[in-house]
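**Q** structure, please.
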Amino acid sequence: MKVVVVDDQTLIRKGMVSILSMHGTIEVCGEARNKQEALYLIEKEKPDLTIVDFQLESESGLDIINEARQRGLSCKFAILTHSTDPLTFQHAKSVAVDGYISKDAYPEELIYAVHVIQRGRKYYDPDIIDLLLKSQKKPQVDNNQIAQLTSKEKEVLQKIGMGLSNKQIAANLYITENTVKKHVSQVLSKLNLGDRTKAALYANYTGFVPAKHDVLI
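**A** Predicted structure coming up:
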C-alpha cells in the first residue's frame, strides 16, 4: 500500500514515516509539509492513502482533501489530529474521510488503522470516539421508541453505529441502497434523531454496536 504523509511538524512527520516504513506491506512514497507539496505528491505518486494533519499552520488538511477530489485524484484520506472537539470530527466526517487517527496513537495502532483502511473499511480512533461520546449529552433511552423499530431497522441502526455507508449496509444486509435509505429515514424519525451521526452515537451508547469491531462511527 502506497502512503503519503502530510504534517507541518517535522518530528511527527518523520516519526510516522519511520513507523510506516518498518512494515513491508506499506510503502511511504512521499512526505509533505503543506497543501502545495501534498497535492503535488498525490498527483505524482498516486498513493493509495494520504494521511493528513487536520491543521497545517494556516492551512486546513480538509482543503487538501477537497482540492484533490476536485482535481479527480483517486486516493483514500485519513485525518491526523489531537482534537477531541466534536466540531472537528463533524468536519472530517463531512468530507467522508476514511480514517480519523490520533497523534497520541501507539505505533501498532497506526499500522492497524492503515490496514483497516486498506481493507476498504473506515477507521476512527477508539479513544477519540470514547471522549466524544462522553462529551455528548447522553441520549434519553426511550424503550417505547426502540420498540417501534422493526428488526431490519435495528440491524440498520447497528450498521450505522459501526460506520458503514448505505452501500456497505445494503451489501451486508442483502437489500438495495434505496431500501437502506428508507430504513435510515425511519430510524431517525422514530428515535427523534436529527442526523446520521447522532444515530451512530445513539447506537454505540445504547449497546446496538458490538464492543469490538474494525469500524467505529
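**Q** contacting residues around the nearest residue to Glu67 once chain neighbours are set aside?
**A** In space, Glu67 comes closest to Leu39 once its chain neighbours are excluded; the distance is 6.2 Å by C-beta to C-beta, 6 or more residues apart in numbering. Heads up, the C-betas are built off the backbone N, CA and C, glycines and all. Residues in contact with Leu39 (C-beta atoms under 8 Å, 6 or more residues apart in numbering) are Ile64, Glu67, Ala68, Arg71, Leu73.
**Q** who are the packing partners of the helix or strand where the second one lies?
**A** Meaning Glu67. Glu67 is part of helix 61-70, with elements assigned from DSSP states H and E. In terms of contacts (3 or more C-beta pairs under 8 Å, 6 or more residues apart in numbering; DSSP states H and E), helix 61-70 is packed against helix 35-45, strand 49-53, strand 76-81.
**Q** who wins for proximity to Val114 among the ones you listed?
**A** Of all these, strand 49-53 sits nearest to Val114, with 6.6 Å by C-beta to C-beta.
**Q** just list what that closest one packs against, helices and strands only.
**A** Packed next to strand 49-53, using 3+ C-beta pairs under 8 Å, 6+ apart, are strand 2-6, helix 35-45, helix 61-70, strand 76-81, strand 99-102, helix 107-118.
**Q** partners of the shortest one, with directions?
**A** So that's strand 99-102. Partners of strand 99-102 in the sheet, by DSSP bridges, are strand 76-81 (parallel), strand 123-124 (parallel).
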